[in-house]
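>>> this one's sequence-less:
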């Protein structure tokens, strides 16, 4: 399961979007996942495949917090245990379980573990623990491997070219004559990336949160304003770009569409370029030409090849 993206925690959505009384289907690294809330409101996740004849459980029904398969009516709770097999009162239920997947709610987000036995818990950004902030988000589907999307999120030199009419406008005036310095500092959750531009005050910071999240620090004076980008692999050819805004100002939800519009515009600018990537998945570093300012993307690429590319679960 989860080939190339196994045994890691990943964000798969806003907790408030997983409403009770419904089955929620997701595609993660080539595997179908169905999420639902049990009778107590606790979120559970199962592999979206009935162990009986392999059909999608997400096409079934949720009855009192238990999933009923659409094919033969077998029922499974959030632990994966089979609780009922129609026509077979003598069935050995303990031998008929579905595959349960670890899932957590933390920082207003839902985290899925792409394996069976996590040895740790999700490393949640301290920003999400601040009671003053509000969180909103949206998704854009890109026809590109998630590694290309992730590298893009860690790359600053592209800003004045891809985003010259939006977030790269200020850098566009400097690119012809200025030097950019980029520093990658490993930390326990991934890395801190700091960028400075010659003759320009201040240091731009973003954090890489292993395996597939970026946190961009855009704090105005005295305020908290962050963008979280999660490059969620759906398959080898498609990525769900899930972009979240965290802020402690303009808190009412009526402002959420404003941030969604801005983030959507930036995401579409990236999408138009990245979907032409050849090959779609990042190759070994030696197969592309790189320079000094590519340090963060090359560091990510090293992690991908060493820790994820050949990973499998189950």
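Thanks, I have the structure now. As the structure is a computational prediction, the values presented were derived from the model and not from experiment. Numbering: from 1, shown residues only.

>>> And residue 178, how close does it get to residue 95?
The gap separating residue 178 from residue 95 is 67 Å, by C-beta to C-beta, to the nearest Å. (Each C-beta comes from the backbone N, C-alpha and C, glycine too.)

>>> For this structure, give me the ranges with low pLDDT.
Where the chain drops to pLDDT under 70, the residues are 168-170, 172-173, 176, 199, 201.

>>> mind redoing it with 80?
For the chain, the stretches with pLDDT under 80 are 165-177, 199-202.

>>> Confirm for me that residue 24 is in contact with residue 34.
Yes. Using C-beta atoms under 8 Å, residue 24 is in contact with residue 34, at 6.9 Å.

>>> more neighbours, the two?
Taking neighbours as other C-beta atoms under 10 Å, residue 24 and residue 34 compare with residue 34 leading, 24 against 19.

>>> which one of residue 178 and residue 95 has more residues nearby?
The residue with more neighbours, out of residue 178 and residue 95, is residue 178; 12 against 8, by other C-beta under 10 Å.

>>> On the three-state scheme, the more buried one is what?
What DSSP: H, G, I helix; E, B strand; the rest coil gives for residue 178 is coil.

>>> Pull up the gap between the closest residue to it other than its chain neighbours and residue 216, please.
Once flanking residues are discounted, residue 178 sits nearest to residue 198: 4.5 Å by C-beta to C-beta, 6 or more residues apart in numbering. Distance check for residue 198 against residue 216: by C-beta to C-beta, it reads 22 Å.

>>> before we move on, the earlier item: these two touch, right, the residue nearest to residue 178 and residue 175?
No. Using C-beta under 8 Å as the test, residue 198 is too far from residue 175 to be in contact (11.1 Å).

>>> Between residue 24 and residue 34, which contacts overlap?
residue 58 (C-beta atoms under 8 Å, 6 or more residues apart in numbering).

>>> And stretch 115-124, end to end?
The first and last residues of stretch 115-124 sit 19 Å apart, counting by C-alpha to C-alpha, to the nearest Å.

>>> Sort out which residues of that stretch are buried, please.
If you call a residue buried by 16 or more other C-beta atoms under 10 Å, then stretch 115-124 has these buried ones: 115, 118, 122, 124.

>>> Tell me the secondary structure at the third one.
Here residue 122 is coil, with the state taken from three-state DSSP.

>>> Would you agree it is in contact with residue 110?
No. Between residue 122 and residue 110 there is no contact under C-beta under 8 Å: 9.8 Å.

>>> Please enumerate the shared neighbours of the two.
By C-beta under 8 Å, 6+ apart, the residues touching both residue 122 and residue 110 are residue 104.

>>> need the contact list for residue 73.
Applying C-beta under 8 Å, 6+ apart, we find residue 73 in contact with 84-86.

>>> Tell me how far the residue nearest the centre of the chain lies from residue 223.
Centroid-nearest residue in the chain: residue 230, 3.3 Å away (criterion: C-alpha atoms, centre = their mean). Distance, residue 230 to residue 223, by C-beta to C-beta: 23 Å.

>>> cool, residue 78 as well?
39 Å.

>>> Tell me which of those two has more neighbours.
residue 78 (21 against 12).

>>> does that one count as helix, strand or coil?
coil.

>>> Setting the sequence-adjacent residues aside, check what's closest to it.
In this structure, residue 78 finds its nearest non-sequential neighbour in residue 44, 2.6 Å apart by C-beta to C-beta, 6+ apart.

>>> got the contact list for the one you found?
35-38, 77-79, 100, 103.

>>> and it, that one's in a helix?
No. Residue 44 is assigned strand when assessed by three-state DSSP, not a helix.

>>> which residues does the nearest residue to residue 153 once chain neighbours are set aside bridge with?
The spatially closest residue to residue 153, leaving aside those adjacent along the chain, is residue 214, at 4.0 Å (C-beta to C-beta, 6+ apart). For residue 214, the beta-bridge assignment (DSSP bridges) gives partners residue 208, residue 229.

>>> Residue 214 contacts residue 242, doesn't it?
No. With contacts counted by C-beta under 8 Å, residue 214 stays clear of residue 242, the gap being 11.2 Å.

>>> most distant residue from the middle of the chain?
Largest centre distance within the chain, by C-alpha atoms, centre = their mean: residue 90, 42.7 Å.
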